[in-house]
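>>> mind folding the following:
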Amino acid sequence: MSPVSTRKWQNWAGNQQATPHRVATPRTTDEVAAAVRTAAADGLTVRMTGTGHSFTGAAVAEGVLLKPGGLTAVRSVDTATGLVTVEAGLPLHVLNRTLEEHGLALANMGDIQEQTVAGALQTATHGTGRDAAGLASQVAALELVLADGSTVTCSPDERPELFDAARAGLGALGIVTAITWRTVPAFLLRAQEEAMAWDQVLSRVDELDAANEHFEFYWFPHTERCLTKRNNRVEGPARPVSRFKGWLDDEFLSNSVFGAINQVTHRLPGTVPFINGVSAKALSDRTYSDTSYKVFTSPRTVRFKEQEYAIPREQLVPALRDLRKLYDKKRWRISFPIEVRLLPEEDAWLSMAYGRRTAFIAIHVFHRDPHEEYFQGVEELMNAIGGRPHWGKMHTRDAAYLETVYPRFGEFRALRDELDPDRRFANPYTEQVFGA
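Numbers count the residues shown, from 1 in each chain. Now for the predicted structure:
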């Protein structure tokens, strides 16, 4: 096992830090198991981090921090069945390129691909889709190291309860060391991005959801403008955005200029409504087609803090109207657009879409801006309609609340008691959401 010289850790947004007792980079599943047994002998907790893209304390390690950089192998690719087994620390962008080389793809994914596969899975990363669900629904099997140092495999046929619990388990049941993905043949997506008025989007959201394989939209606060995104499969040939246009829209305008804008609004919050109005009017429609993961994902270089709630699909339009009223009532000045995505129901116990068609509402602030009042106000609104907080996004909910919105929450906690009675995999965040 490779030692690591520095012990200080922080996440991408900079709002979570830790200085664990020790840090190591295991290179095999056996080394992970040995690290767990050694931690137990020393009376220490142990966690494996990812790339730090969670805004919660999910990856915080107070005892032993295991870094995933030594577990990045592609163990097997079966193009006939679409089953692909990779190790936990493989970044999603490497997985995507590997799948592309073999004529395969993930059926759906979120909008960034910098996370490790295990980190993205364990926090129930989802994307948007009418028929295709999130990452937890695309897993065929998991390999985990349990608290006693043993290694197990679980799937729908082998230890199915552990499989359903651990697919979105926050590392609380065991350390995921490998994932077998159920992939699909590679495909192209045609992306249609179109500006629409707020009232038009809300009146057509059911139609747009039903008519498109992947639909989402962004509302620019303090304006009447939304950016809608519709992604659907096409036969080809691919017609990608030109290199210059891609740089202009995705790198320069969406990151460099947007970053500069947030530096201004951070110093001068009163300029937010005017600047948002200019930004919304500057939106340009575009249509292009490309390899699926290149359409699903976008670069994100402007650092922010985020809260996201999953609510029953039928509550989406009333919740958005109530949210907009809050902006007027609270006189908030928010420069980041609000993101809305949709998902079919999932069966992983702690998927935010478990057992119901789901809408996701994500809110953001610049990483240097205060978030407390804004996030609290939105959270109260979401909690009143049975909202489930995203496991990797900022929230204040605890086990007492979460057991009221997750039907299998009690079973998850019972399985945790059975597999990790000494709380070898605990940290302050797991104690918050699952109890001590």
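
>>> three-state assignment of Gly127?
The three-state label given to Gly127 by DSSP: H, G, I helix; E, B strand; the rest coil is coil.

>>> quick one: contacts for it?
Contact analysis of Gly127 by Cβ atoms under 8 Å, 6 or more residues apart in numbering lists 108-111, 134-135, 214, 296, 341, 343. Where C-beta positions appear, they are placed from N, C-alpha and C, glycine not excepted.

>>> likewise for Glu372?
Contacts for Glu372 (Cβ under 8 Å, 6+ apart) come out as none.

>>> now, the most widely separated pair of the contacts of Gly127?
Farthest apart among the contacts of Gly127 by Cβ to Cβ are Leu135 and His214. That separation is 14.5 Å.

>>> neighbour count winner among those two?
Taking neighbours as other Cβ atoms under 10 Å, Leu135 and His214 compare with Leu135 leading, 29 against 24.

>>> the more buried one contacts Gly119, correct?
No: when contacts are counted by Cβ atoms under 8 Å, Leu135 is not listed as touching Gly119 (10.5 Å).

>>> next up, phi/psi of the spatially closest residue to His364 that is not a sequence neighbour, please.
Closest residue in space to His364, ignoring its immediate chain neighbours: Phe336 at 3.9 Å, by Cβ to Cβ, 6 or more residues apart in numbering. Dihedral pair for Phe336: phi -80, psi 140, per degrees, to the nearest 10.

>>> how about Phe304?
phi -150, psi 170.

>>> surely it touches Ala362?
No: judged on Cβ under 8 Å, Phe304 makes no contact with Ala362 at a distance of 10.4 Å.

>>> which residues of the stretch 1-150 of the chain fall in strands?
In the stretch 1-150 of the chain, the segments counted as strands under DSSP state E, counting those that start in this stretch are 2-3, 9-10, 17-18, 22-25, 46-48, 64-66, 74-78, 83-87, 104-105, 139-145.

>>> returning to that earlier point: contacts only, for the residue nearest to His364.
Phe336 is in contact with 221, 262, 304, 363-366, counting by Cβ under 8 Å, 6+ apart.

>>> show me what contacts Asn416?
No, residue 416 isn't Asn; it's Arg. 172-173, 434.

>>> scan those residues and report the most crowded one.
Ala172 (26 neighbours).

>>> could you find the closest non-adjacent residue to it?
Thr430 (4.9 Å).

>>> neighbours of that neighbour, how many?
Neighbourhood size, Thr430 [other Cβ under 10 Å]: 24.

>>> buried sites along the helix or strand harbouring it?
According to DSSP states H and E, Thr430 maps onto helix 428-434. Buried positions in helix 428-434, judged by neighbour count with 16 or more other Cβ atoms under 10 Å: 429-430, 432-434.

>>> for those residues, which one is nearest Asp42?
Thr430 (19.5 Å).

>>> low pLDDT regions in the chain?
Scanning the chain for pLDDT under 70 picks out 2-6, 242-259, 262, 264, 266, 268, 272-283.

>>> nearest the middle, which residue of it would you pick?
In the chain, the centroid-proximal residue (Cα atoms, centre = their mean) is Thr125; its distance is 3.3 Å.

>>> show me what contacts it?
Contacts of Thr125 (Cβ under 8 Å, 6+ apart): 109-110, 115, 134-135, 392.

>>> what's the most distant pair in the residues you listed?
By the measure Cβ to Cβ, Met109 and Gly392 form the most distant pair in the contacts of Thr125, at 14.4 Å.

>>> in TSV, list the contacts of Thr125 along with distance to Phe163.
TSV is the format used below for those (distance: Cβ to Cβ, whole Å):
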residue	distance to Phe163
Met109	20
Gly110	22
Gln115	21
Gly134	16
Leu135	14
Gly392	21
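
>>> ends of stretch 349-360, how far apart?
Stretch 349-360 stretches 17 Å from its first residue to its last (Cα to Cα, to the nearest Å).

>>> just checking, Thr153 is part of a strand?
Yes: secondary structure of Thr153 (three-state DSSP): part of a strand.

>>> my guess is it meets Val145, correct?
No: look at Thr153 against Val145 with Cβ under 8 Å: they stay out of range, at 11.1 Å.

>>> looking at those two, which has the bigger crowd around it?
Val145 (27 against 14).

>>> quick one, what contacts the more buried one?
Taking Cβ under 8 Å, 6+ apart as the test, what Val145 contacts is 29, 32-33, 36, 151, 174-175, 177.

>>> possible to save the buried residues of helix 428-434 as TSV with distance to Thr396?
Formatted as TSV, the buried residues of helix 428-434 follow (distance: Cβ to Cβ, whole Å):
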residue	distance to Thr396
Tyr429	12
Thr430	15
Gln432	8
Val433	10
Phe434	15
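
>>> phi first, then psi, for Arg331.
According to degrees, to the nearest 10, Arg331 has phi 60, psi 40.

>>> so of the contacts of Gly127, which ones are in helices?
The helices, defined by DSSP state H, take in Phe296 from the contacts of Gly127.

>>> may I see the contacts of Gly127 arranged in JSON lines, with distance to Asp164 as well?
Output for the contacts of Gly127, formatted as JSON lines (distance: Cβ to Cβ, whole Å):
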{"residue": "Asn108", "distance to Asp164": "19"}
{"residue": "Met109", "distance to Asp164": "21"}
{"residue": "Gly110", "distance to Asp164": "21"}
{"residue": "Asp111", "distance to Asp164": "26"}
{"residue": "Gly134", "distance to Asp164": "14"}
{"residue": "Leu135", "distance to Asp164": "14"}
{"residue": "His214", "distance to Asp164": "25"}
{"residue": "Phe296", "distance to Asp164": "25"}
{"residue": "Arg341", "distance to Asp164": "23"}
{"residue": "Leu343", "distance to Asp164": "17"}
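
>>> just give me the closest of the contacts of Gly127 to Glu373.
Arg341 (24.6 Å).

>>> burial of that closest one, as a residue count?
The number of residues packed around Arg341, counting by other Cβ under 10 Å, is 23.

>>> if I pick it, what's in contact with it?
So Arg341 contacts 126-128, 216, 359-360, 362 (Cβ under 8 Å, 6+ apart).

>>> ends of stretch 392-410, how far apart?
First-to-last residue span, stretch 392-410, Cα to Cα: 21 Å.

>>> need the residues that contact that stretch.
Residues from elsewhere that reach stretch 392-410, judged by Cβ under 8 Å, 6+ apart: 15, 53-56, 58, 123-125, 164-165, 305-309, 349-350, 354-355, 362, 371, 375-376, 379, 383, 386-389, 412-413, 432-435.
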